[in-house]
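> only geometry, no sequence info:
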Ligand code: NAP
């Protein structure tokens, strides 16, 4: 799975799954655009990519803001002249039970996951349609399939990403742009480190493979979907969950 000469953009790449995706794409030869609203972590990961011998551009970006995303794509095309791969990974949680969830908690989660993915896909689509090639991978969640208690906002947004993925896949197929989604299960990152140990044990007991996933488990699936090996796959949803909720 050689990605030499490809330019890949990963949102929310400053840490966790996004960082691992960026580094694994770089290990497969891609140059990277690291977008995160945390400037320091974006800069740090860009340096890690460079240490792997690839070029990297970092850009402080709130994916839910059109002006930020426009600037991100302008800078990317100025620097690299093209974009081959987009991974929409940026994400947040604002958990609350339905009867207590505030408008802010709901709106923030929808804005980052859905508006952010819409904006990045839109700019990527304009460019990739003209080039007649491209790969887009949207990071959903198994929560979008089964629904998580305390996450009406997050589960709704992650389910919405599947509809967006399939609609975009249909629109872009004739331009040789593949659009797929991944639904990670329970992955060991800062997002899940806040979960109390007892709850973690219950969740791990539900996983046939009996372990949490690592960011690399997701990065491997992303690299596959971005490679030539997945050229005839579009509109797919890959569950990377160790078998949980199959
Ligand atoms: P993470 O460690 O919290 O990393 C997410 C990154 O995205 C952070 O650097 C975060 O910055 C950044 N970000 C958040 N909102 C952003 C915005 N509007 N614009 C740009 N960057 C933004 O989370 P993760 O576990 O790696 O999750 C990555 C993706 O996988 C998310 O979409 C998540 O929903 C999904 N996922 C995770 C799991 C899991 O078990 N971990 C399971 C299923 C799906 P800040 O930290 O400063 O907010």
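Great, that's in hand. What you are looking at is a predicted structure, and each value in this text was computed from that prediction instead of being measured.
> point out the residues in this structure that sit beside the ligand.
Taking C-beta under 6 Å from any ligand atom, the part of the chain that reaches the ligand is made up of 11-12, 14-18, 36-38, 41, 61-64, 89-92, 112, 116, 139, 141, 184, 186-187, 189-192. To be clear about C-beta, it is placed using only N, CA and C from the backbone, and glycine gets the same treatment.
> so among these, which ones count as buried?
11-12, 14-18, 36-37, 41, 61-64, 89-92, 112, 116, 139, 141, 184, 186-187, 189, 192 (16 or more other C-beta atoms under 10 Å).
> what mean pLDDT does the longest strand out of those in the chain get?
Longest strand of the chain, by residue count under DSSP state E: strand 177-184. Averaged over strand 177-184, pLDDT sits at 99.
> and that strand, what does it pack onto?
helix 116-131, strand 134-139, helix 152-172, helix 215-226, strand 237-240 (3 or more C-beta pairs under 8 Å, 6 or more residues apart in numbering; DSSP states H and E).
> show me the contacts for residue 85.
Neighbour list for residue 85: 3, 6, 7, 8, 9, 25, 30, 134, 135, 136, 137, 226 [criterion: C-beta atoms under 8 Å, 6 or more residues apart in numbering].
> using the three-state scheme, assign the nearest residue to the fifth one once chain neighbours are set aside.
Distances taken as C-beta to C-beta, 6 or more residues apart in numbering place residue 33 nearest to residue 9, at 4.0 Å, with adjacent residues excluded. Here residue 33 is recorded as strand under DSSP: H, G, I helix; E, B strand; the rest coil.
> got it, and residue 58?
Going by three-state DSSP: residue 58 is strand.
> that one contacts residue 41, doesn't it?
No: counting by C-beta atoms under 8 Å, residue 41 is not a contact partner of residue 58; they are 9.2 Å apart.
> which residues are in contact with each of those two?
Common neighbours of residue 58 and residue 41 (C-beta under 8 Å, 6+ apart) do not exist.
> and residue 241, how far from residue 110?
24 Å (C-beta to C-beta, to the nearest Å).
> those two: who's more crowded?
residue 241 (23 against 18; other C-beta atoms under 10 Å).
> next one, pLDDT for the residue nearest the centre of the chain please.
Against the mean C-alpha coordinate of the chain, by C-alpha atoms, centre = their mean, the closest residue is residue 89 at 2.1 Å. For residue 89, the model assigns a pLDDT of 98.
> number the chain from 826, please
Let's use 826 as the start, then, which means that last one is residue 914.
> coming back round to it: paired strands for the longest strand of the chain, with orientation please.
strand 959-964 (parallel), strand 1062-1065 (parallel) (DSSP bridges).
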